[in-house]
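1. Predicted model, plus sequence, below.
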Amino acid sequence: MNQDPRGDDDAVAAAARRLLAAAADHVPCSPVRDLIGSDDVKAAYAVQKLLTAHRLTTGARVTGRKIGLTSPAVQAQLGVDQPDFGVLFDDMRVADGGLVPSGRLLQPKVEAEIAFVLGADLAEGPLDADQVRGAVAYALPALEIVDSRVAGWDITFGDTVADNGSSGLYVLGAAMKPLSEFEPVSAVMTLARGGATVSRGDGAACLGDPLIALAWLARTAREVGDPLRAGQVVLSGALGPMVVAGPGDVFAAEISGLGPVSVRFSASADEGTPV
């Protein structure tokens with residue numbers, strides 16, 4: 001095993017191939033930290049960039065970004081201590097109340113959060129909380145269905161970043177509230193599975209304020225040379241602990257000031273049609 005792989009282009013390419021094979025074969029793989037290290041941010045995002053390039057060659061279209069690891073509860077669950085981001089693609093969106101077919105994902109978990117749709121680019125200026133607030137066209141309730149190509153969710157920061165922030169699918173609710181009518185930090189979230197509450201949280205659980213998370217993403221995206229653009233969706237981060245999803249599960253979240261959003265998981269391979 002390469003004991004000090006960081007900065008090794010061959011190791012980055014090998015990590016990307018491992019994750020691509022896991023997705024294609026639908027079989028979770030071993031962690032990629034043996035190739036790129038556990039905390040090498042540059043190497044991890046280099047792997048993510050290769051995976052994004054591959055998705056673009058297959059016809060996928062970028063629709064935005066997701067911020068991960070913003071909630072202390074989720075950080076504790078995964079044993080990490082800083083946020084990350086991944087890329088959203090058009091084929092990752094599921095309709096509100098829609099069905100996720102059996103076998104679409106490997107190891108899905110669900111978390112509720114606030115989504116922002118940008119009305120302006122975030123490429124210049126200080127990219128502080130005031131600027132990003134002004135750039136938001138509206139907010140929506142959202143569910144992120146996270147997934148991992150790494151077996152057993154045995155991930156470090158490097159593993160999850162390389163694996164596109166452990167992304168899977170996402171759901172946007174119907175409500176579209178401008179920030180003049182909705183204050184993200186004051187939002188309260190409840191997430192139910194089959195009618196029973198399984199997760200609770202609030203806006204302050206997301207880096208202290210979802211707009212702080214958005215500002216962090218705006219600066220980080222600019223630093224890596226791919227700034228946020230008008231029209232993109234940003235999933236700002238979990239408001240509470242993520243919950244394992246299984247066949248037949250129905251999840252419904254309520255975010256105060258925004259309203260409901262829900263998704264269903266098929267009970268069998270014969271139920272429903274692909275999303």
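-> Arrived safely. Numbers count the residues shown, from 1 in each chain.
2. after the lowest-mean-pLDDT helix or strand in the chain, next one along is what?
-> Among the helices and strands of the chain, helix 72-78 carries the lowest confidence by mean pLDDT, DSSP states H and E, at a mean of 67. Scanning forward in sequence from helix 72-78 by DSSP states H and E, the next helix or strand is strand 84-89.
3. what packs against the next helix or strand after that following strand?
-> On the C-terminal side of strand 84-89, the closest following helix or strand by DSSP H and E is strand 93-94. Judged by 3 or more Cβ pairs under 8 Å, 6 or more residues apart in numbering; DSSP states H and E, strand 93-94 is in contact with strand 169-172. C-beta here means a position set from N, CA and C on the backbone, and glycine is covered the same way.
4. mind listing what the strand it packs on pairs with, with the direction of each?
-> Applying DSSP bridges, strand 169-172 is found paired with strand 93-94 (parallel), strand 136-146 (antiparallel).
5. What's the mean pLDDT across it?
-> Averaged across strand 169-172, pLDDT comes to 98.
6. residues in contact with it?
-> 66, 88, 92-96, 98, 100, 104-105, 115, 140-145, 147, 233, 235, 261-263, 275 (Cβ atoms under 8 Å, 6 or more residues apart in numbering).
7. likewise stretch 184-191?
-> 110-114, 139, 197-204, 206, 208-211, 236, 239-240, 243, 251-258.
8. Kindly report the same for stretch 133-141.
-> Contacts of stretch 133-141 (Cβ under 8 Å, 6+ apart): 112, 114-122, 172-179, 182, 184, 211, 214, 228, 230, 253-255, 258-261.
9. burial count for the residue lying closest to residue 18 once chain neighbours are set aside?
-> What sits nearest to residue 18 in space, not counting adjacent residues and going by Cβ to Cβ, 6 or more residues apart in numbering, is residue 29, at 5.1 Å. Here the count is done by other Cβ atoms under 10 Å, and residue 29 has 20 residues near it.
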